[in-house]
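A.B. asks: coordinates for the following, if possible.
(2 chains)
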Amino acid sequence: MLVYTLKRLLAGVITVWFIATATFFAMHSVPGDPLMNDKAVTEEIRANLERKYGLDRPLHEQYFVFMGNMLKGDFGISFTQQNRQVNDIIRDHFPVSATLGVLAITFAALGGILWGALTAIYRNRLPDIIIMFLVILGISVPSFVFAALGQLALVNLNSLLGYSLLPVAGWGTIWHMLVPSLVLGLGTMALLTRLMRSSMLEVVNEDYIKTARAKGLSPMRIFFRHQLRNAILPVITVLGPQIAAITTGGFVVELVFAIPGLGRYFVQAVQQLDYTVIMGTTVFYGAFLVLMVILVDILYGFIDPRVRIES
Amino acid sequence: MRAFLAAGLLLLTLVCSAQDAVDFDSQSITIALAQEPPQLNSMKATDQVSVLVLGHVMEGLTRYDRRGNIIPGVAEKWELTDEVATFWLRKDALWSDGVPVTAHDFVFAWRNALDPKTASEYSFILYPIRNAEAINKGELPATELGVTAIDDHTLRVDLERPTGYFVKLTAFTTYYPVRQDFFETQGELYASEWDAMVYNGPFKITEWVHSASLRMMKNPAYWDKDKIILNVIDAEYITSDTRAKLNLFVDDKISYTVLDGETYKDALRQRLRIRSFTTGSVFYMSFNHREGRLTSNANLRKAIRSVFDPEEFVNKVLATPGNLPGRSTFPVWLKGVEGRFRDEYPPPVFDVDVNQGRRYLAKAREELGVDKIPSLVLLVGDSPTAAKQAEYMQGLLKSKLGLDIKIDTQTFKQRLAKMTSGDFDMVNAGWGPDFDDVMTFGDLFATWNLNNRGRYSNPEYDRQVRIAMNSSYPKTRMDAMGQLQRILLEDAGVLPQYEQGVIYLLHPKLRGVTRRVVGTDPDYTYARVIE
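C.D. replies: Residues are numbered from 1 along each chain as shown, chains lettered A, B, ... in the order given. Below is the predicted model:
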């Protein structure tokens, strides 16, 4: 198990290095100039800015400087917020995205497993058809539509009630988080429902379920101990990357609900060609994603002993 | 069960206590900022949000009153000649920590802003001060700047050239004072947090959660605090999403929001009172005048001008209130010798005349030696509005002149890079005023101006700019400006499209909010909440 974990970790480090390198060169090959703004500046000022950000050196040198700093855990100063460290930006805003993401994923996982199991039990009957229709909707409608609709619903609800039941936007309390996390988790929930359904259907016909039934176990026990536990594996597999995706994919939701998350920095940095923030957030998210995948792999061993033996 | 109840109670106690948009008793208002202020260091700030916040928490030698007139700020009085400006500072002007604001604070800020090491993008606005440009180019040390603190409360400014509008410049962000001793304790991190700066304006920042909220409270150390009625300006939301802001406004959570083409329709449907304001910025289509470009041909440009109707553009394409048809690169609000510049020097009028346009086009083809004009590239930004405008121009030029237009849509930085390198035939661009004088638009198309990205160059235009620059006599300056307005338009150097308007919603109980074309906008300094 230890060797297995170490191997996965090493592969993870190489992956992150690759992500960093690929992003670095891709970013520098994007046309456009990060130092340019509405107002034109003189050559002297430009030269000073280039020097400040090390852009006056050849690209390969910039790369080594960047790698050296990255190993020290320093991503430098933002281009758009010239007095803020990229590290501070990540430290201040990732917890917000993560809180929102964890809530969203909890909601998505619980909902997905529940709806998925339900549809499997009621296969081809009305509840199944209704839920699967909603699932298709959830998968195909982009989150900004849900975000806008969710917020509009809040405004209407509040005006109907005559007082603010739930805040329309902003951040700070659990009440601010409810609707945004719901909206954010919707797509994932739909995805997990579908996955859970097909996985459940497979399990239901397995021999060991028949055996269990023949043994005279209660249906509840069969459902929880045998069906759910076996059917849930594929869901856990995608959960890792989904956690990473959901904590990064919140850009639109963060914008609409005025949430100070890292997702906004992530996307705006690309639009603004903010080199240091692009690198900082990408490497951070890349590492986070890799870590999640490794965690899931290890978690596997606990849920399914077979994985442990094979490795 | 008990655990559930406990959790429930905990949640209940956490129920948000988000304030309403306005509150009479505490005289507080809540607003939303379009983005996190990227730079609250006044020497380096360039963007609107930073300028908005700084305008409330800092004060220059002078400031604007509610009507847009210059009134005393830190300076009690001043004297301006062709060579020297002298400011006498009030003795009761204090920083938020109680230390007096002195002439040295201005000397420090201006020198620092011009130091090439600071790399301030707005340093050019200090160029009327003697040696400023040379310092900014690294040719002279910053100590050579023509500004001296004669004593703590007297500031002498030696000018590079006569600058009749110099006093107005001192209300601008880059001219705000910065206290050296405090600045040096913060170093690189100056103004990165609410407690990493000191304030001398009517308000001060008391809380700043990055990207989430920024709270400004009345500054008790401000010398003119009796005139300030608002106690709190709370930017509780930071988002650029206009629909989200409309929702917040409807939910009575924010007291002001701008609308765009889409949310405008929603606001109309909800019968909200929509206000409009002309921002003072001019938008135009810049032609590329670089050698070898088709658009360097005057007749081709005139052909395009002949079929373009700014009136139709404003009504059909922009289709929101507040915009004015573009008739000149000088907007209507600019002051002339006595009245409005545009009344005193009306721009030449060109009628929309398709036949005339076709004649110009035939001439252009002849001069260029082609049977058909090859397709032209129109460079635009990536917003929906920009796309709509570009498509209109494309359709117009195709149907009226048979010109093929290729639309090149680019993100902000890429569009700028292409504008600067000259990789376009036409580009939709705009210009907002930096100070309240015709010169802010006047020298825009001078050969040496780096913002003249189409590289329009006309020796007579340049000559008129120099005349205006070197004179302090209003009539001479305005005559020159009138001339260069005529030259640029007759040349069809650029194609003015519109003067920008914004539409917005304002809480009915919030009064005294000032909109202005130059500087802090909207300005809540003298606002109040009525019962």
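A.B. asks: how about the contacts made by residue B:75?
C.D. replies: Listed by Cβ atoms under 8 Å, 6 or more residues apart in numbering or on different chains, the contact partners of residue B:75 are B:61-62, B:87-90, B:155, B:170. C-betas here are computed from N, CA, C, even on glycine.
A.B. asks: looking at the residues you listed, which is nearest chain A?
C.D. replies: Distance to chain A, by Cβ to the nearest Cβ, is smallest for residue B:170 among these, at 19.5 Å.
A.B. asks: which residue packs closest to the closest one, ignoring adjacent ones?
C.D. replies: residue B:61 (4.0 Å; Cβ to Cβ, 6 or more residues apart in numbering or on different chains).
A.B. asks: chain center to the helix or strand hosting residue A:208: distance?
C.D. replies: Using DSSP states H and E, residue A:208 maps to helix A:207-215. In terms of Cα atoms, centre = their mean, to the nearest Å, the centre of helix A:207-215 is set 38 Å apart from its chain centre.
A.B. asks: what residues does stretch B:455-469 touch?
C.D. replies: With contact meaning Cβ under 8 Å, 6+ apart, stretch B:455-469 is reached by B:161, B:286-290, B:422, B:438-439, B:442-443, B:445-448, B:476-477, B:480-481, B:483-484, B:487-488, B:491, B:493-494.
A.B. asks: mean confidence for it?
C.D. replies: Model confidence over stretch B:455-469, given as mean pLDDT, is 95.
A.B. asks: what do you get for stretch A:265-274?
C.D. replies: Mean predicted lDDT for stretch A:265-274 stands at 88.
A.B. asks: run a quick neighbour tally on residue 160.
C.D. replies: Just going to use chain A. 8 (other Cβ atoms under 10 Å in any protein chain shown).
A.B. asks: switch to chain B, please.
C.D. replies: By the other Cβ under 10 Å criterion, the neighbourhood of residue B:160 contains 17 residues.
A.B. asks: over to residue A:207?
C.D. replies: Residue A:207 has 7 nearby residues by other Cβ under 10 Å.
A.B. asks: and what of residue B:186?
C.D. replies: Other residues close to residue B:186 by other Cβ under 10 Å number 17.
A.B. asks: who's in contact with it?
C.D. replies: B:192, B:196-197.
A.B. asks: okay if I get those as a markdown table plus neighbour count, secondary structure and distance to residue B:40?
C.D. replies: Converted to a markdown table, these look like this (neighbours: other Cβ atoms under 10 Å in any protein chain shown; DSSP: H, G, I helix; E, B strand; the rest coil; distance: Cβ to Cβ, whole Å):
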| residue | neighbour count | secondary structure | distance to residue B:40 |
| --- | --- | --- | --- |
| B:192 | 21 | coil | 8 |
| B:196 | 19 | helix | 9 |
| B:197 | 25 | coil | 6 |
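A.B. asks: what's the lowest-pLDDT member of the residues you listed?
C.D. replies: Least confident entry in the contacts of residue B:186, by pLDDT: residue B:192, with 92.
A.B. asks: reformat the contacts of residue B:75 as JSON lines; add neighbour count.
C.D. replies: Converted to JSON lines, the contacts of residue B:75 look like this (neighbours: other Cβ atoms under 10 Å in any protein chain shown):
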{"residue": "B:61", "neighbour count": "28"}
{"residue": "B:62", "neighbour count": "21"}
{"residue": "B:87", "neighbour count": "24"}
{"residue": "B:88", "neighbour count": "17"}
{"residue": "B:89", "neighbour count": "27"}
{"residue": "B:90", "neighbour count": "17"}
{"residue": "B:155", "neighbour count": "28"}
{"residue": "B:170", "neighbour count": "25"}
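A.B. asks: tell me the SS of the nearest residue in space to residue B:451 that is not next to it in sequence?
C.D. replies: Nearest non-adjacent residue to residue B:451, counting by Cβ to Cβ, 6+ apart: residue A:40, 4.8 Å away. Three-state call for residue A:40 (DSSP: H, G, I helix; E, B strand; the rest coil): coil.
A.B. asks: centre of the chain versus the host helix or strand of residue B:361, how much separation?
C.D. replies: Using DSSP H and E, residue B:361 sits in helix B:354-368. Averaging C-alpha positions (Cα atoms, centre = their mean) puts helix B:354-368 37 Å from its chain's average.
A.B. asks: one more: stretch B:491-509?
C.D. replies: Its chain's average C-alpha position is 12 Å from that of stretch B:491-509, according to Cα atoms, centre = their mean.
A.B. asks: and the contacts of residue B:75, which is closest to residue B:247?
C.D. replies: Closest approach to residue B:247 among these (Cβ to Cβ): residue B:62, at 39.1 Å.
A.B. asks: partners of the closest one in the sheet?
C.D. replies: Applying DSSP bridges to residue B:62 yields these beta-bridge partners: residue B:72.
A.B. asks: I figured it hits residue B:72, correct?
C.D. replies: Yes. Using Cβ atoms under 8 Å, residue B:62 is in contact with residue B:72, at 6.4 Å.
A.B. asks: tell me the strands in the stretch 1-150 of chain B, going along the chain?
C.D. replies: B:22-23, B:28-33, B:62-64, B:70-72, B:75-80, B:84-89, B:147-151 (DSSP state E, counting those that start in this stretch).
A.B. asks: buried deepest among those, which one?
C.D. replies: Among those, the stretch with the highest mean neighbour count (mean count of other Cβ atoms under 10 Å in any protein chain shown) is strand B:28-33, at a mean of 24.
A.B. asks: wait, does that strand contact chain A?
C.D. replies: Yes. Using Cβ under 8 Å from any Cβ of the partner chain, strand B:28-33 reaches chain A at residue B:32.
A.B. asks: contacts for that strand, please.
C.D. replies: Residues outside strand B:28-33 that contact it (Cβ under 8 Å, 6+ apart): A:258, B:19-23, B:49, B:52-53, B:214, B:230-239, B:245, B:248, B:253-257, B:507, B:510, B:524, B:527, B:529.
A.B. asks: now do stretch A:127-134
C.D. replies: Residues contacting stretch A:127-134 (Cβ under 8 Å, 6+ apart): A:115, A:118-119, A:122, A:190, A:193-194, A:197.
A.B. asks: go again using 6 Å as the cut-off
C.D. replies: Contacts to stretch A:127-134, defined as Cβ atoms under 6 Å, 6 or more residues apart in numbering or on different chains, come from residues A:115, A:119, A:122.
A.B. asks: residue ranges with poor pLDDT in chain B?
C.D. replies: Within chain B, the segments meeting pLDDT under 70 span B:1-18.
A.B. asks: show me it divided up by domain.
C.D. replies: B:2-237+B:507-529, B:280-502 (automatic domain parsing).
A.B. asks: just to revisit the earlier point, what's in contact with the helix holding residue A:208?
C.D. replies: For helix A:207-215, using Cβ under 6 Å, 6+ apart, the contacting residues are A:222, A:226.
A.B. asks: for the most centrally placed residue in chain B, what are its contacts?
C.D. replies: Nearest to the geometric centre of chain B sits residue B:432, at 4.6 Å (Cα atoms, centre = their mean). Residues near residue B:432 by Cβ under 6 Å, 6+ apart: residue B:281.
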